[in-house]
Each structure stands twice: as C-alpha cells, then as structure tokens.
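Student: Task: produce atomic coordinates for the following.
(one chain, ligands or ions: 1)
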Amino acid sequence: MASVRQKDTGPEMAVRRMLHRMGYRYSLHRRNLPGRPDLVFKPRRKVVFVHGCFLHGHDCRKGRLPTSRVAYWSEKVSKNKARDARNVRDLADRDWKVCIVWECETADLDSVRQRLVRFLEGGAS
Ligand SMILES: [Zn+2]
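Tutor: Next up, the predicted model:
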C-alpha cells in the first residue's frame, strides 16, 4: 500500500504549484479523510486527487498493464481502483466534492487548470 502513495510526484507537484501560484490554498494528504486526498480545500469542502495512470488503472496509454507478471499487476490495479471508488463514495457520503486529475492530463496543464477552476469555483453541483 505504501508504494501506491507516491507523494510529491511530478504530476502532483505540478498541479500543486499551479494552484498555489493562482492563489489557492489547501492542505495536503489529510489522514482524517478517506483516501488521504492529495489536495484538500477545507472551506470549500472539496478535494483533488492526482492519480498515477498505471497504479490507478486509467483507461489511457500509460495505464496499460505490462506484458509480464500480468496477474500480479492486474490484481494490484483492480484493488487500487476498487479502493479509489470506495474513497470517492465515502467522501461523497461526508459531503465532500471530489475531482480526479490523471497523470496523463497534466501534460496539458492549461486544460487541467480550467477544469480545476470550474471545480473549485463551481457551486453545489
Ligand atoms: Zn492516463
């Protein structure tokens, strides 16, 4: 489980730096919330996860399973996906809004920025 917790990875840092530059303030990896979200916007009751495509099983090129140890990796990734889904449900149950940014999306930080601003500034949708 510790290996899933890739703290301070490139994509996550890129998103954090971008939002911080824009004046957003947040806390990190709060242990008291399901899944320890990467960024927590407490007054807005919103959280952001920055997920690595491979370990979290994104449906993209980076999320493809390797050709060796297929059983091992597919089990690991499906467990991660199940846990991610459970965390999102638990957060929603506690009235938190969740936005997931995928590693591959951070190649285009501009569109990530637009999506996050919509998410953070949006009302109770
Ligand atoms: Zn991806």
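Student: Can you tell me the centre-most residue of the protein?
Tutor: Centroid check for the chain by CA atoms, centre = their mean gives residue 49 as the closest residue, at 2.0 Å.
Student: Now it. Nearest residue, chain neighbours left out?
Tutor: Among residues not flanking residue 49 along the chain, residue 100 sits closest, at 4.9 Å (CB to CB, 6 or more residues apart in numbering). C-beta here means a position set from N, CA and C on the backbone, and glycine is covered the same way.
Student: for the chain, what spans make up the helices?
Tutor: Taking DSSP state H as the criterion, the chain contains helices spanning 10-21, 70-93, 109-121.
Student: My understanding was that residue 19 contacts residue 26; is that so?
Tutor: Yes - at 6.8 Å, residue 19 counts as touching residue 26 under the criterion of CB atoms under 8 Å.
Student: which residues do those two both contact?
Tutor: Residues touching both residue 19 and residue 26 (CB atoms under 8 Å, 6 or more residues apart in numbering): residue 39.
Student: picking that back up, select, out of the helices of the chain, the one closest to residue 57.
Tutor: Proximity to residue 57, assessed across those by CB to CB, is greatest for helix 70-93 (4.2 Å).
Student: quick one: average pLDDT of that closest one?
Tutor: For helix 70-93, the mean pLDDT works out to 96.
Student: can you list the residues that contact it?
Tutor: With contact meaning CB under 8 Å, 6+ apart, helix 70-93 is reached by 4, 33-35, 37, 47, 49, 51, 54-57, 65-66, 98, 100.
Student: re earlier: for the residue nearest to residue 49, give its distance to the ion.
Tutor: 11 Å (CB to the ion, to the nearest Å).
Student: Count the neighbours of that residue for me.
Tutor: By other CB atoms under 10 Å, the residues close to residue 100 number 17.
Student: thought it was touching residue 46?
Tutor: No - Residue 100 is beyond contact range of residue 46, at 12.0 Å (criterion: CB under 8 Å).
Student: Output the set of residues of the protein in proximity to the ion.
Tutor: 53, 58, 60, 62, 102, 104 (CB under 5 Å from the ion).
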